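In: build me a structure from this.
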Amino acid sequence: MRFWSKSLLTLIFKISAFFYITPVNLNYWWNFGALSLYFLISQIITGIVLAMFYNPNSLLAYSVIMDLNNEIFYGWWIRSIHSNGASFFFLCVYIHMFRNIYYGSFLYPRQALWLTGMTILVLMIITAFLGYILPWGQMSFWGAMVITSLLASIPLIGSDLIYLLWGGFSIHDATLHRFYSLHFTLPFVLLGLTVVHLFFLHEFGSSNPTGLQNVSDKSPFSPYYVLKDVLSIIIILIFFVYIFSVTPDLLGHSINYERANFLITPPHIVPEWYLLFFYAVLRSVTNKLLGFFFMFCSLILLFALPYLLKKFIIKSSIFKPWHAFWFWIFLSIVLQLGWIGNLPVIDPYLGIGQLLCIFYFLILLIFFPLGGPIERLMYDCYLFIHNEKKLSNDIHYFSINIIEDLYCKNNYLSQMLFEFVIYDNIKIEINNLCEYI
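Out: Coordinates of the predicted model:
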């Protein structure tokens, strides 16, 4: 008890869970951050257990997995929790990410929070890909062959990278040892990045559905949001337990229950569902190097999203019809690309995938950034129709410039300002603004 009351970890836990102040209007979409943390811890625990039985040998790896399923007491249960837990982990992270895009939670001053979150996503993708290879089934082996061969398309250093990654001139024992060690190590790096992510969350505070800063309308994280998180975990566990207990192979590929055979290529090589979007972007370009480049750009643009939309004063899509419209189009394109990634590379699927990729980049580079100027124009038209053009010239742009300057100069002052909201009733709070000019 004495150690529990004085340890550093206990102090961090108390500050995080009991003394953290949050907005009062957070909805259940904010719970997916806590759900992602829960599944990360679950993956680490089950992964450590599975590592006790696994043998990274190309002749024994498949047999070890089959013995784990058929001979070890509740071995299939642990493996099912780990494999299906990866799917639920990605599902929670994707929902968490798209919630941030919709409500503008990634905008100033939370750019660092978004960047660490995107770094976590990239490491998750790498870790999941490495883990998918370890069972050494047909899809595992040929998936590794197809994806790692892309590095050979990089000019000058491609062949050296392939040799370093494979540990030789082909995928064999050395490759499996490399992938196993990285797959075991990266989750702990993920855990460390999650701590950094939470640090930035506590530094800048949680956003809210309206995107407005209000220092007075707050509530403690415990017990209100702790109970909401516990309820959401219980609800998702109901579906999770059903999946890994009743239909453990629902989200996998049956061909991966065949031993890896380098002489027989599967008719259709696809990754797990949570990587299908990136696979669709990759294969939409027939040139290997360009396909790899566009897949890389699809991630880089997500990293750059806070800077592409940095001119937005109103953050939440609740008050931005243009951004809300293109957000739903963007989400539908991502889902359709995931569907295309699961289909053969033939017409018309190839052409549809290329068209969807074009729209994906157009939305991120053009339609999203255009939201700020267009919504300001709509706002001015609204004021002009209602004979309030003077208010637009004298106060609207004046307040925008002052708020932008103070946002750039002083983070504390930015939290003390009231932002104006474009909605049916336009309200501009000037009193608090004038106190700091």
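In: quick one, strands of the chain?
Out: With DSSP state E as the criterion, the chain has strands at 21-23, 218-220.
In: comparing those, which yields the minimum mean pLDDT?
Out: Ranked by mean pLDDT, those bottom out at strand 218-220, which scores a mean of 76.
In: returning to that earlier point: can I get the strands of the chain in a markdown table including mean neighbour count and distance to Leu282?
Out: C-beta coordinates here come from the backbone N, C-alpha and C atoms, glycine included. What follows is the strands of the chain, written out as a markdown table (neighbours: other CB atoms under 10 Å; distance: least, CB to CB, whole Å):
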| stretch | mean neighbour count | distance to Leu282 |
| --- | --- | --- |
| strand 21-23 | 17 | 39 |
| strand 218-220 | 14 | 44 |
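In: and of those strands, who's closest to Leu276?
Out: Proximity to Leu276, assessed across the strands of the chain by CB to CB, is greatest for strand 21-23 (34.5 Å).
In: partner strands of that closest one and their direction?
Out: strand 218-220 (antiparallel) (DSSP bridges).
In: centre of the chain to the partner strand, how far?
Out: With CA atoms, centre = their mean, to the nearest Å as the basis, strand 218-220 stands 27 Å off its chain's centre.
In: can you check stretch 310-327 too?
Out: 20 Å.
In: ok so, going back, make a markdown table out of the strands of the chain and add distance to Leu231.
Out: As requested, those are exported to a markdown table (distance: least, CB to CB, whole Å):
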| stretch | distance to Leu231 |
| --- | --- |
| strand 21-23 | 16 |
| strand 218-220 | 17 |
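In: tell me which of these lies nearest to Cys357.
Out: Cys357 sits nearest to strand 21-23 of all the strands of the chain, at 36.9 Å, using CB to CB.
In: can you name the residues in contact with the closest one?
Out: Contact partners of strand 21-23, identified using CB atoms under 8 Å, 6 or more residues apart in numbering, comprise Gly205, Ser206, Ser207, Asn208, Asn214, Asp217, Lys218, Ser219, Pro220, Phe221, Tyr225.
In: next, the buried residues of stretch 322-337.
Out: Trp322, His323, Trp326, Phe327, Phe330, Ile333, Val334, Gln336, Leu337 (16 or more other CB atoms under 10 Å).
In: residues in contact with it?
Out: Stretch 322-337 is contacted by residues 98, 101-102, 104, 276-277, 280-281, 312, 317-318, 352-353, 356-357, 359-360, 363-364, 367-368, 370-371, 374-375, 378 when judged by CB under 8 Å, 6+ apart.
In: what two of the buried residues of stretch 322-337 are the furthest from one another?
Out: Pairwise distances across the buried residues of stretch 322-337 (CB to CB) peak at 22.7 Å, for the pair Trp322 and Leu337.
In: start to end distance for stretch 101-114?
Out: The straight-line separation of the ends of stretch 101-114 (CA to CA, to the nearest Å) is 10 Å.
In: how far does it sit from its chain's centre?
Out: Chain-centre distance of stretch 101-114: 13 Å, with CA atoms, centre = their mean.
In: so where's the chain uncertain?
Out: For the chain, residues meeting the criterion pLDDT under 70 lie at 1-19, 214-216, 313, 386-437.
In: next, count neighbours for Ser58.
Out: 17 (other CB atoms under 10 Å).
In: what's the closest non-adjacent residue to it?
Out: Asp173 (5.1 Å; CB to CB, 6 or more residues apart in numbering).
In: quick one: contacts for the one you found?
Out: Here Asp173 is in contact with Pro56, Asn57, Ser58, Gly167 (criterion: CB under 8 Å, 6+ apart).
In: next one: the second one from Val122, what distance?
Out: Asn57 sits at a distance of 29 Å from Val122 (criterion: CB to CB, to the nearest Å).
In: what count of nearby residues applies to the nearest residue to Pro187 once chain neighbours are set aside?
Out: Using CB to CB, 6+ apart and skipping residues adjacent in sequence, the residue nearest Pro187 is Ile44, 5.1 Å away. Using other CB under 10 Å, Ile44 is surrounded by 15 other residues.
In: start the count at 50 instead of 1 going forward.
Out: From this message on, residue numbering opens at 50, which makes the last subject Ile93.
In: how close does Ile93 sit to Leu179?
Out: Distance, Ile93 to Leu179, by CB to CB: 15 Å.
In: do His145 as well
Out: His145 is 22 Å from Leu179, where distance means CB to CB.
In: now swap in Ile304 and tell me
Out: 19 Å.
In: which one's more surrounded, those two?
Out: Using other CB under 10 Å as the criterion, Ile304 and Leu179 rank with Leu179 on top: 19 against 16.
In: tell me who's in contact with the more buried one.
Out: Residues in contact with Leu179 (CB under 8 Å, 6+ apart) are Phe228, Tyr229, Leu231, His232, Leu235.
In: who touches the closest residue to it other than its chain neighbours in this structure?
Out: Leaving aside its sequence neighbours, Leu179 sits nearest to His232 (CB to CB, 6+ apart; 4.1 Å). Contact analysis of His232 by CB under 8 Å, 6+ apart lists Gly96, Thr176, Leu179, Gly180, Leu183.
In: tell me the most packed of these, by neighbour count.
Out: Gly180 (24 neighbours).
In: quick one: the helices in the stretch 200-349 of the chain, in order.
Out: Along the stretch 200-349 of the chain, counting by DSSP state H, counting those that start in this stretch, helices occupy 207-215, 222-253, 273-295, 325-332, 337-352.
In: rebuild those as a markdown table, extending it with distance to Pro72.
Out: What follows is the helices of the stretch 200-349 of the chain, written out as a markdown table (distance: least, CB to CB, whole Å):
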| stretch | distance to Pro72 |
| --- | --- |
| helix 207-215 | 46 |
| helix 222-253 | 13 |
| helix 273-295 | 10 |
| helix 325-332 | 31 |
| helix 337-352 | 25 |
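In: now, of the ones you listed, which is deepest in the fold?
Out: helix 325-332 (a mean of 23; mean count of other CB atoms under 10 Å).
In: so how many other residues sit close to Ile407?
Out: 12.
In: can you check His145 too?
Out: If you count neighbours by other CB under 10 Å, His145 ends up with 20.
In: quick one: the residue nearest to Ser107 from Ser230, how far?
Out: Asp222 is 13 Å from Ser230, where distance means CB to CB.
In: what is in contact with these two at once?
Out: Contact criterion CB under 8 Å, 6+ apart; residues shared by Asp222 and Ser230: none found.
In: related to what we said a few turns ago, which one of the strands of the chain lies nearest to Thr197?
Out: strand 70-72 (43.4 Å).
In: outline the domain layout of this protein.
Out: Using automatic domain parsing, the domain parsing of the chain gives 69-418, 423-484.
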